[in-house]
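Enquirer: here is the input, now give the coordinates:
(2 chains)
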Protein chains: 2
Amino acid sequence: MAVYTEVSDDELDEFVAQYDIGAVVSCKGIAEGVENTNYLLQTDRDSFILTLYERRVNPAELPFFIGLMEHLAARGLACPSPIQGRDGAILRSLCGRPAALVSFLKGVWHRRISLNHCAELGPAMAEMHLKGADFPLTRRNNLSVEGWRGLFEAIRPRAGEIKEDLAERIAAELDFLEANWPKTLPVGLIHADLFPDNVFFLGDRLSGLIDFYFACTDFMAYDIAICLNAWCFEADGAFNATKARLMLNGYRRVRPLSAEELDALPLLARGAALRFLLTRSYDWLNTPAGAFVKRKDPMEYYRKLVFHQGVGGPGEYGIE
Amino acid sequence: MAVYTEVSDDELDEFVAQYDIGAVVSCKGIAEGVENTNYLLQTDRDSFILTLYERRVNPAELPFFIGLMEHLAARGLACPSPIQGRDGAILRSLCGRPAALVSFLKGVWHRRISLNHCAELGPAMAEMHLKGADFPLTRRNNLSVEGWRGLFEAIRPRAGEIKEDLAERIAAELDFLEANWPKTLPVGLIHADLFPDNVFFLGDRLSGLIDFYFACTDFMAYDIAICLNAWCFEADGAFNATKARLMLNGYRRVRPLSAEELDALPLLARGAALRFLLTRSYDWLNTPAGAFVKRKDPMEYYRKLVFHQGVGGPGEYGIE
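Expert: Prediction:
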């Protein structure tokens, strides 16, 4: 939620001169996104987002993320489209950091999720999965089941600071998920972080998806499971099966789900809840209280995990 | 340098519905300005800045600041123009804070000041003084000579943490300035914080002035003195008399300075340096090191003060 790197005018001028995008009209640091520095750059021709990649992004992975946005945008998905410089290059250096310019996407993200938002999300996510299917690069999901034990060991000694029996509960869940995690579901390109702040709307219509910096190659149904957690619970912790049904049915109209995928949803949703419980716990324990970045409550995802542990089958997600 | 108040979609929709400005296309928190929360709001018709006034602005003074922007914009000064709602009101409430919408001003501010920037600043400042002359409201400058002793007493006990003899030096300067501060210079509406981040340029041309939340009624030449400090020193501490000459001569072409005003400049520049030395010292001593807001070095203004103490007359500012 801040600008980490200040770009001086000289550096900006030199950077912009490498593109055929017109003259700079304004450039404002955006107070959103905790991973990178983002500027909203307006020229006399159009608006753009200028991103400087800070230390949490591995520079070696940038060609994957940028190539993916190019791939998806070229296929008509509403997402930021990387802009080539006059030399054809997209990725360059600014203020000692990797940097890229992408098209500006109209829309606002919603803090309060409506039924309609969920109905719009489903087909957009399915479209992304279909359009990403032939993206030639792959990236392992290091925040899926193989990565969870390492994260757990990192938080284990201090997990009791969050909840007395948190370590025990996670240990048991982890044993279960490692033993039962699916192996044969359809794999593709997933967003892996499709939270409401990464989904824009113009009026009632979804206008685009942003922030592909967790995208990876994994079960497509796992993306859905992440969204079940991120979009279908109310602020009071209640699961809203109507939202889930609208999202899932919207998805299935564009990309049908196999019986195997549907059956796996409760387990995948447990895994998705555990993944965010682990990373939020890690951030919670490793972010000083008065810091810059607002910490997100790990217990929200503990409660979501408990909910999915009690789900008997995909029917409880509103699927007929 | 941050968004302090997050505006939810419901609140934003309700707020925007009170204006005839079109439909929201995007709304991004801007990571600039340490006093207020600012959003860059784009509609299908135009761009605006939405400001929520945080605790450092006294709500009772908002009619002065907003009235002033209206007054100046109506007279053709390039500055943000407050937008009236359908009910005619400008100031309203959002998320429990006073809030207002103003027009978006194109341009970027420059971190590296060129001779041309100073040449452009002079006439724009003079134009602001002329256009502000008939603004009917007044506001006392509580950060001028009458306010400094109180600030000094607040930092005195810990001034030694900044520089061993800082308290002595300030005490002597304060005695001198209180005894010699001018009483009869031409008074008008001044900006009082016309630092580079409040002056926008489009290419080589100054495109507008922003952030009138320190504006007040005081000697117009004191505004010039603030700018001598803010615009005419190099990063290494050297005073650039060419920049000063360009700024002053540009100013005088639009609003001639009396002999009395010219003669007072070195003293006013000492006062302006002391004012920022005091407030920066206060912020330095009262902002935790790892905090949110980047602290500005008070010693920069100590060195500027020492420079002006050695100035024999306005000729040293490049005036022939």
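Enquirer: use CA for all of it now, contacts and neighbours both
Expert: Fine.
Enquirer: what about residue A:204, neighbour count?
Expert: Residue A:204 has 10 neighbours, counted by other C-alpha atoms under 10 Å in any protein chain shown.
Enquirer: can you list phi and psi of it for me?
Expert: When read as degrees, to the nearest 10, the backbone of residue A:204 gives phi -90, psi -10.
Enquirer: my guess is it contacts residue A:118, does it?
Expert: No: assessed by C-alpha atoms under 8 Å, residue A:204 is found out of contact with residue A:118, at 11.0 Å.
Enquirer: quick one, grab the pLDDT at the residue nearest to the spatial centre of chain A.
Expert: In chain A, the centroid-proximal residue (C-alpha atoms, centre = their mean) is residue A:193; its distance is 1.7 Å. If you check residue A:193, the pLDDT there is 96.
Enquirer: the one 3 residues further on now?
Expert: At residue A:196, the model reports a pLDDT of 96.
Enquirer: give the contact list for it.
Expert: Residue A:196 makes contact with A:109, A:110, A:111, A:113, A:230, A:231 under the criterion C-alpha atoms under 8 Å, 6 or more residues apart in numbering or on different chains.
Enquirer: chain B contacts on the stretch 51-200 of chain A?
Expert: Residues of the stretch 51-200 of chain A lying near chain B by C-alpha under 8 Å from any C-alpha of the partner chain: A:106, A:107, A:108, A:110, A:111, A:112.
Enquirer: re the thing from before, can you pull the contacts of the residue nearest to the centre of chain A?
Expert: Going by C-alpha under 8 Å, 6+ apart, residue A:193 touches A:212, A:214, A:215, A:223, A:226.
Enquirer: any idea how far chain B is from it?
Expert: 20 Å (C-alpha to the nearest C-alpha, to the nearest Å).
Enquirer: now swap in residue A:65 and tell me
Expert: For residue A:65, the distance to chain B equals 23 Å [C-alpha to the nearest C-alpha].
Enquirer: check which helix or strand that residue maps to.
Expert: helix A:62-74 (DSSP states H and E).
Enquirer: can you pull the buried residues of that helix?
Expert: For helix A:62-74, a neighbour-count test (16 or more other C-alpha atoms under 10 Å in any protein chain shown) marks A:62, A:64, A:65, A:66, A:67, A:68, A:69, A:70, A:71, A:72, A:73 as buried.
Enquirer: follow-up on the earlier one: how about a markdown table for the contacts of residue A:196, with pLDDT and secondary structure added?
Expert: Below are the contacts of residue A:196 laid out as a markdown table (pLDDT from 0 to 100; DSSP: H, G, I helix; E, B strand; the rest coil):
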| residue | pLDDT | secondary structure |
| --- | --- | --- |
| A:109 | 93 | coil |
| A:110 | 92 | coil |
| A:111 | 90 | coil |
| A:113 | 95 | coil |
| A:230 | 98 | helix |
| A:231 | 98 | helix |
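Enquirer: biggest separation within those residues, which pair?
Expert: A:109 and A:230 (13.4 Å; C-alpha to C-alpha).
Enquirer: so these two - more neighbours on which side?
Expert: Per other C-alpha under 10 Å, whichever of residue A:109 and residue A:230 has more neighbours is residue A:109, with 23 against 19.
Enquirer: that one reaches residue A:197, doesn't it?
Expert: Yes: if you go by C-alpha under 8 Å, residue A:109 and residue A:197 touch, sitting 5.3 Å apart.
Enquirer: count of neighbours near residue A:138?
Expert: Neighbour tally, residue A:138, other C-alpha under 10 Å: 14.
Enquirer: skip the chain neighbours and tell me the closest residue to it.
Expert: Nearest non-adjacent residue to residue A:138, counting by C-alpha to C-alpha, 6 or more residues apart in numbering or on different chains: residue A:217, 5.7 Å away.
Enquirer: for the one you found, pull up the helix or strand it's in.
Expert: If you go by DSSP H and E, residue A:217 is part of strand A:216-219.
Enquirer: for the stretch 201-320 of chain A, which segments count as strands?
Expert: Assigned by DSSP state E, counting those that start in this stretch, the strands in the stretch 201-320 of chain A fall at A:205-209, A:216-219.
Enquirer: please produce JSON lines containing these, extended by mean pLDDT, distance to residue B:317 and mean neighbour count.
Expert: Below are these laid out as JSON lines (pLDDT from 0 to 100; distance: least, C-alpha to C-alpha, whole Å; neighbours: other C-alpha atoms under 10 Å in any protein chain shown):
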{"stretch": "strand A:205-209", "mean pLDDT": "97", "distance to residue B:317": "55", "mean neighbour count": "21"}
{"stretch": "strand A:216-219", "mean pLDDT": "97", "distance to residue B:317": "61", "mean neighbour count": "21"}
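Enquirer: between those, which gets nearest to residue B:78?
Expert: For the strands of the stretch 201-320 of chain A, the distance to residue B:78 is smallest for strand A:205-209, at 34.0 Å, taking C-alpha to C-alpha.
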